[in-house]
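Chemist: model this:
(one chain, ligands or ions: 1)
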Amino acid sequence: MSEAEAVRVIGLWASPFVIRVLIALKLKGVKYELVEEVVGKKSELLLRSNPVHKKIPVLLHHGKPISESLIIVQYIDEVWSSDAPAFLHADPYTRAVQRFWAQYVDDKIAPAFLVLRGLTNGDKDEAAAQVSTALEHLEEAFVKCSQGKHYFGGDRIGFLDLVFGSHLGWFRAVEKISGIKLLEEEKYPEITAWADRFCTHHAVKDVMPETDKLVEFSTNSALKAKPTTN
Ligand SMILES: N[C@@H](CCC(=O)N[C@@H](CS)C(=O)NCC(=O)O)C(=O)O
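Modeler: Residues are numbered from 1 along each chain as shown. Here you go, the predicted model:
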């Protein structure tokens with residue numbers, strides 16, 4: 001495979017936004033190279049590839065950059081459409097519902113985790129309450145979307161599984177860091193069972209980071225960020 005044909009992901013092993021892209025590529029059977037960024041520095045390649053947001057992940061396909069993980073996952077689904085079943089459902093309404101919840105997950109869970117990790121200012125109890133509300137909605141959404149099957153996508157991992165599932169490593173790490181239990185089996189039995197299934201899936205288990213590695217990563221990031229609140 002020539003350089004121009006290669007699929008490269010500019011990213012970092014710990015980022016949920018990167019993890020979902022890597023799982024998507026694995027599910028489609030696409031070989032990729034992870035070009036790791038150094039925490040706290042932005043490489044020339046990243047700045048050149050994502051000059052607007054300057055964030056990871058960026059997918060480089062035939063050397064052309066695509067940014068924003070939700071867009072990247074949909075791009076992967078479209079380009080490698082015949083290599084594996086689609087992440088997004090054929091029915092437009094079902095697609096819209098999955099996109100709605102995917103956006104909801106990123107809007108509610110990712111920012112709350114940053115507060116709970118002490119990386120951004122904010123009230124930790126409020127952040128934990130925001131995650132609980134999200135989990136209540138997602139528990140219900142799972143029942144409706146999965147229709148008694150194993151994943152939000154039905155029989156197999158779909159778009160919403162990728163988006164929500166990519167945050168699962170951080171649930172355990174954030175619980176350890178904050179001392180607040182978030183994913184309680186008694187309260188969210190469907191989501192807890194789904195989370196176990198997702199994390200042990202063959203396309204997921206090698207890219208889902210271990211809790212302790214994430215805790216260590218977060219501690220180092222917090223030291224670098226020097227937050228002004230506790
Ligand atoms: N909406 C973006 C979020 C990506 C994002 O927040 N990436 C973080 C790493 S987890 C980042 O690059 N942060 C660096 C920065 O904000 O400057 C996506 O879905 O790709």
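Chemist: quick one: the strands in the protein?
Modeler: Here the chain has its strands, by DSSP state E, at 7-11, 33-36, 58-61, 64-67.
Chemist: who are the packing partners of the top helix by length along the chain?
Modeler: For the chain, the helix with the greatest residue count under DSSP state H is helix 92-116. With contacts defined as 3 or more CB pairs under 8 Å, 6 or more residues apart in numbering; DSSP states H and E, the packing partners of helix 92-116 are helix 69-79, helix 124-146, helix 159-165, helix 168-178. All C-beta spots, glycine's among them, are computed from the backbone N, C-alpha and C.
Chemist: nearest to V215, of these?
Modeler: Between V215 and these, the shortest gap by CB to CB is with helix 168-178, which sits at 5.0 Å.
Chemist: touching that closest one from outside, list them.
Modeler: 16, 19, 113, 116-118, 124, 128, 180-183, 195, 198-199, 208-211, 214-215, 218-219 (CB atoms under 8 Å, 6 or more residues apart in numbering).
Chemist: for stretch 146-164, same thing?
Modeler: Residues contacting stretch 146-164 (CB under 8 Å, 6+ apart): 20, 23-24, 27, 69-70, 73-74, 77, 85, 87-89, 95, 98-99, 101-102, 105-106, 109, 138, 141-142, 145, 165, 190, 194, 197-198, 201, 203-204.
Chemist: per-domain residue ranges of this protein.
Modeler: 7-79, 92-224 (automatic domain parsing).
Chemist: would you mind checking the contacts of stretch 146-164 for buried ones?
Modeler: By neighbour count, with 16 or more other CB atoms under 10 Å, the contacts of stretch 146-164 hold 20, 23-24, 27, 69-70, 73-74, 77, 87-89, 95, 98-99, 101-102, 105-106, 109, 138, 141-142, 145, 165, 194, 198, 201, 203-204 as buried.
Chemist: ok, and of these, which contact the ligand?
Modeler: S69, L70 (CB under 6 Å from any ligand atom).
Chemist: circling back: would you turn the helices and strands packed on helix 92-116 into TSV with mean pLDDT?
Modeler: As requested, the helices and strands packed on helix 92-116 are arranged in TSV below (pLDDT from 0 to 100):
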stretch	mean pLDDT
helix 69-79	98
helix 124-146	98
helix 159-165	98
helix 168-178	97
